[in-house]
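[1] model the following, please.
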Amino acid sequence: MPTGSFLSPANYDDDASSIHSERSDQDTDSEDDEVLMGARTSAEIREHDRSVFTEEEERDKLLEDSRRRERRGSAMSLPKPLKKLFSQSYTHLPGLGSSEHVNEIKGNGSGKRDRRRRRRERRERRSEKKERLIGEAEHGERRELMYEMEEGGMKEGSSTGSSSDAEGSDEIDRRGLLGLQDDKSTRTRQWRRWCFIHLLIAVGFSILVLVAWKLSLNRKGIKYNQKIMSNGTALFAPTTILISLDGFRADFLNRGLTPRLNAFVKEGISPVYMNPSFPSVTFPNHYTLVTGLYPESHGVVGNTFWDAELKEEFFYTDALAMQPKWWGGEPLWVTAENQGIRTAVHMWPGSEAHILGVEPAFLDTFNGEELLDNKVSRVLELLDKPGEEDEVAEVVDMRPQFIAAYVPNVDADGHLYGPNSTEIKTTINQVDTMLDQLFQGLEERNLTSIVNVVVVSDHGMATTDTNRLIQLDDLIDINLIEHSDGWPLYGLRPKNPADLQGMYDTLAITSAQNQNFEVYLRDENMPERYHFTKNERIAPLWIVPKTGWAIVTKGEFNVADAKEQGLAYHPKGLHGYDHEHPLMRAIFIARGPAFPHAPNSRVEPFQNIEVYNIICDSLGLDPKPNNGTLRLPLKPVGIHTPETTPEDPSDPEPSPSPASDAGSDAIISISPVEASSAADPNVVPPTMIGVDQPEEVSVDVISVDQPVEVSVDRPVVGDETEVAAEDKKFFDWIKGKLGEVKDWFKELGGGDGEKEGEGESGE
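    Reported below is the predicted structural model:
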């Protein structure tokens with residue numbers, strides 16, 4: 001290759017500055033030319049070519065500008081723009097005017113050929129450089145070759161020294177293109193991100209609107225309950241009093257004994273009756289009232305039952321029953337306390353069980369001897385406590401917003417004397433007077449229109465009779481039974497599960513002949529309306545007597561002997577039957593700001609699973625999931641009139657009773673605990689807690705060969721609250737025979753007899 005090169009500045013511009021690198025040690029352009037023709041990277045060559053092309057274009061532009069000025073000065077016409085465009089590309093155009101201009105264009109053509117020659121020489125130099133670098137790579141310099149060929153850099157140790165810091169034009173172009181692509185990708189990503197964010201916002205907003213709409217449907221009547229109200233001396237947040245009258249049958253309101261309750265009906269809203277849940281006994285139904293769950297759902301499936309998993313027996317009168325393991329669901333006082341609303345519970349069944357580890361702010365344990373007047377005083381005392389507006393009041397002494405009170409008197413005397421007795425009439429009137437005192441106290445405090453009052457009952461009551469008894473021993477071999485649950489209905493657990501079907505078949509045949517009881521397998525044919533299948537605490541086999549009938553073992557009460565000797569059966573009142581029977585109907589009456597209905601409003605009858613939601617709504621609480629569906633505001637269907645009042649239910653027709661023919665007053669009674677455990681002689685009736693029992697009664701024990709005259713006058717265990725004076729005298733007379741009674745019970749196989757103690761009322 002010649003020593004000179006078209007790339008040398010001397011070949012095209014005498015005044016051009018040296019283009020040698022700043023790292024070059026040469027002092028002249030000729031020496032730089034040698035360097036350029038020596039070791040130069042392709043990037044440096046391309047950069048040099050770019051600068052040469054740029055300078056040529058600038059020179060051509062200056063030449064054109066000079067020609068334009070000359071023509072303007074000589075009045076020559078300017079070329080057309082199109083011709084000018086082609087002239088800038090150095091294309092020979094025919095028809096141009098002067099020979100001078102043609103010569104100039106020819107000169108431009110000669111320059112174009114020179115540039116082509118220079119490009120060709122540069123390509124040859126690049127080819128030589130590539131071959132040289134490949135040869136060097138054979139001696140271990142392949143990585144340097146790749147770096148120089150791809151990155152345009154010269155590593156230290158190359159013939160030109162350190163590589164240039166300037167990036168090659170191809171690298172710049174490549175990065176520019178990548179930058180454009182990255183910008184486009186970035187804009188695309190930003191656009192997608194923007195769309196995604198706005199889509200999320202739209203979806204979230206739609207969900208919020210939907211949830212708000214759903215809540216407005218379910219709780220549209222709750223907002224008015226949230227406001228604070230003043231009685232003139234204190235501020236009251238939403239406050240509700242729930243009072244349960246145990247054993248208060250719905251038709252008791254029609255006996256002319258309850259002027260205050262009848263006035264309450266006219267002031268508020270109520271159904272003509274409320275159905276309890278099955279079985280219609282105290283503990284399952286009181287817990288259903290405050291949880292909204294069927295007994296099969298909350299687990300308290302009876303006053304007595306066996307838990308196969310725990311291998312333990314639940315007795316409602318036993319202190320061990322007040323353990324949280326027995327109580328499922330969430331009662332009202334727990335729901336309220338968890339949502340910041342203080343509660344007070346007065347003797348409500350289950351309130352002492354420490355359920356879910358949450359205690360009411362105020363808890364009154366069961367006391368069967370408490371007078372009705374004291375209950376009124378206690379409720380008013382709770383309402384008189386300071387509220388949140390009192391800055392000096394201590395939190396532990398602040399007023400509760402939910403008060404639940406339990407009144408067992410009607411149930412106790414219903415068992416003791418029967419639902420149609422003179423004694424029960426007196427008790428019903430006394431309870432009505434208690435409510436009147438409470439309403440007067442509310443009126444004196446200007447709280448009538450501020451505090452919600454809800455009065456309910458858990459079940460009704462049916463009269464018993466010796467001629468409506470079924471002897472369990474005559475129905476089935478009781479030796480096959482391991483555990484029995486419930487009373488007056490019987491849940492049976494066989495010792496051997498293989499005997500279950502045979503036991504059912506035997507009972508079914510007998511039931512077909514005796515229409516006074518029905519038999520069900522829990523998992524096969526239990527009526528769906530009972531909602532009494534989905535819990536292992538429910539015995540697999542059940543004997544359900546007709547309302548007014550009872551099932552007893554011979555160890556408890558020998559039916560044949562009783563009829564022969566004219567013995568009367570006791571207790572005289574029972575419940576626990578089909579929850580939809582008219583004799584089992586309960587009450588629900590409500591009044592207050594949460595019930596803004598026309599006075600004397602009537603709603604359709606409903607089941608007591610609805611009470612939990614109603615109370616929650618009256619307090620502005622969010623209820624836990626439950627079986628109820630009824631929410632506030634209630635929807636009246638009219639007002640109470642004589643035409644809408646159901647006929648009073650009739651007691652079951654008794655068969656001719658030997659007792660009435662003989663004119664004998666002799667009676668015998670058994671306790672529900674004894675009845676539930678009689679089939680299992682190993683089960684000992686528990687010690688009663690929470691209520692003083694009347695003194696143990698005794699009977700005259702005569703030889704087996706003689707007619708047995710038994711005189712026992714006592715109520716169902718745990719149902720006593722007050723004892724009539726004449727009964728006390730009778731108990732004093734028989735007190736001395738306590739030992740004989742215990743021995744007699746042992747002989748009958750009914751256990752050791754009752755242990756003295758205390759227990760919660762209600763059965």
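[2] C-alpha only now, for contacts and for neighbours.
    Will do.
[3] got the domain ranges for this structure?
    As assigned by automatic domain parsing, the chain contains the domains 9-166, 238-293+329-464+590-644, 301-326+470-570+657-763.
[4] beta partners of the closest residue to residue 588 other than its chain neighbours?
    Ranked by C-alpha to C-alpha, 6 or more residues apart in numbering and with sequence neighbours excluded, the top spatial neighbour of residue 588 is residue 456, at 4.5 Å. With beta bridges defined as DSSP bridges, residue 456 has these partners: residue 244, residue 588.
[5] what's the spacing between residue 456 and residue 273?
    Computed as C-alpha to C-alpha, to the nearest Å, the residue 456 to residue 273 distance reads 10 Å.
[6] give the intersection of the neighbour lists for these two.
    Overlap between the neighbourhoods of residue 456 and residue 273 consists of 586-588, taking contacts as C-alpha atoms under 8 Å, 6 or more residues apart in numbering.
[7] could you say which helix or strand holds residue 64?
    When elements are assigned from DSSP states H and E, residue 64 belongs to helix 42-73.
[8] thinking again about what came up before, the residue nearest to residue 588: neighbour count?
    In terms of burial, residue 456 registers 25 neighbours under the definition other C-alpha atoms under 10 Å.
[9] from residue 403, how far out is it?
    The value you get for residue 456 to residue 403, if C-alpha to C-alpha is used, is 13 Å.
[10] among the domains of the chain, which gets the worst mean confidence?
    Mean pLDDT across the domains of the chain is lowest at domain 9-166; the value there is a mean of 60.
[11] does residue 305 have beta-bridge partners, and which?
    Taking DSSP bridges, one finds residue 314 as the beta-bridge partners of residue 305.
[12] residue 316 is in contact with that one, correct?
    No: counting by C-alpha atoms under 8 Å, residue 305 sits too far from residue 316 to count as a contact (9.2 Å).
[13] in a helix, that's where residue 502 is, yeah?
    Yes: Residue 502: assigned to a helix according to DSSP: H, G, I helix; E, B strand; the rest coil.
[14] can you tell me how far it sits from residue 123?
    108 Å.
[15] same question, residue 518
    Computed as C-alpha to C-alpha, the residue 518 to residue 123 distance reads 111 Å.
[16] convert the C-alpha atoms of stretch 488-508 to CSV, please.
    Output in CSV follows, covering the C-alpha atoms of stretch 488-508 (Å, rounded to 0.1, in the frame of the first residue of the first chain):
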residue,chain,number,x,y,z
PRO,A,488,-89.2,-36.5,78.6
LEU,A,489,-88.0,-37.7,75.2
TYR,A,490,-85.3,-40.3,75.2
GLY,A,491,-82.1,-40.5,73.1
LEU,A,492,-80.5,-43.9,73.2
ARG,A,493,-76.9,-45.0,72.6
PRO,A,494,-76.5,-48.8,72.4
LYS,A,495,-73.5,-50.5,74.0
ASN,A,496,-72.9,-52.3,70.7
PRO,A,497,-73.4,-50.1,67.6
ALA,A,498,-74.4,-53.3,65.8
ASP,A,499,-77.5,-53.4,67.9
LEU,A,500,-78.7,-50.0,66.7
GLN,A,501,-80.8,-51.2,63.7
GLY,A,502,-82.4,-54.0,65.7
MET,A,503,-83.3,-51.7,68.5
TYR,A,504,-84.9,-49.3,66.0
ASP,A,505,-86.8,-52.1,64.3
THR,A,506,-88.2,-53.3,67.6
LEU,A,507,-89.3,-49.8,68.6
ALA,A,508,-90.8,-49.1,65.2
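[17] contacting residues around it?
    Contact with stretch 488-508 is made by 475-476, 480-485, 518-521, 538-545, 549-552, 574-577, 672, 675-676, as judged by C-alpha under 8 Å, 6+ apart.
[18] go with 7 Å
    Residues external to stretch 488-508 that are found in contact with it (C-alpha atoms under 7 Å, 6 or more residues apart in numbering): 475-476, 480-485, 519, 539-545, 550-551, 576.
[19] from those residues, which land in helices?
    Taking DSSP state H as the definition of helices, those contribute residue 475.
[20] any of the contacts of stretch 488-508 buried? List them.
    Judged by neighbour count, with 16 or more other C-alpha atoms under 10 Å as the criterion, the buried members of the contacts of stretch 488-508 are 480-485, 519, 539-545, 550-551, 576.
[21] and the strands in the stretch 251-400 of the chain?
    Listed in chain order, the strands of the stretch 251-400 of the chain (DSSP state E, counting those that start in this stretch) span residues 269-270, 274-275, 304-307, 312-315, 343-346, 362-364.
[22] the closest residue to residue 292 other than its chain neighbours: neighbour count?
    Counting by C-alpha to C-alpha, 6+ apart, residue 292 lies nearest to residue 609, which is 4.2 Å off, once chain neighbours are set aside. Residues contacting residue 609 under the criterion other C-alpha under 10 Å number 27.
[23] who has more neighbours out of residue 305 and residue 316?
    Set side by side, residue 305 and residue 316 show unequal neighbour counts under other C-alpha under 10 Å, the larger going to residue 316 at 29 against 23.
[24] tell me which residues touch residue 434, please.
    With contacts taken as C-alpha under 7 Å, 6+ apart, residue 434 has the following neighbours: 372-373, 376.
[25] could those be laid out in a markdown table, adding neighbour count and distance to residue 327?
    Listed next are those as a markdown table, based on neighbours: other C-alpha atoms under 10 Å; distance: C-alpha to C-alpha, whole Å:
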| residue | neighbour count | distance to residue 327 |
| --- | --- | --- |
| 372 | 17 | 28 |
| 373 | 15 | 31 |
| 376 | 18 | 29 |
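[26] of these, which is the nearest to residue 430?
    Nearest to residue 430 among the contacts of residue 434, counting by C-alpha to C-alpha, is residue 372 at 8.0 Å.
[27] how near is residue 288 to residue 615?
    Relative to residue 615, residue 288 is positioned 13 Å away (C-alpha to C-alpha).
[28] more crowded one of these two?
    For the pair residue 288 and residue 615, the greater number of neighbours falls to residue 288 (30 against 26), based on other C-alpha under 10 Å.
[29] so that one is in contact with residue 607, correct?
    No: the pair formed by residue 288 and residue 607 falls short of the contact definition of C-alpha atoms under 7 Å, at 10.0 Å.
[30] still on that earlier bit, if you look at the buried ones among the contacts of stretch 488-508, which of them are in strands?
    With DSSP state E as the criterion, strands contain 481-485, 519, 541-545, 550-551 from among the buried ones among the contacts of stretch 488-508.
[31] how far away is residue 459 from residue 328?
    Using C-alpha to C-alpha, one gets 21 Å for the distance from residue 459 to residue 328.
[32] which one of these two has more residues nearby?
    A count of neighbours by other C-alpha under 10 Å puts residue 459 above the other of residue 459 and residue 328, at 33 against 18.
[33] thought residue 278 was touching the more buried one, still the case?
    No: Residue 459 is not in contact with residue 278 according to C-alpha under 7 Å; the separation is 9.9 Å.
[34] please consider this matter closed, and thank you.
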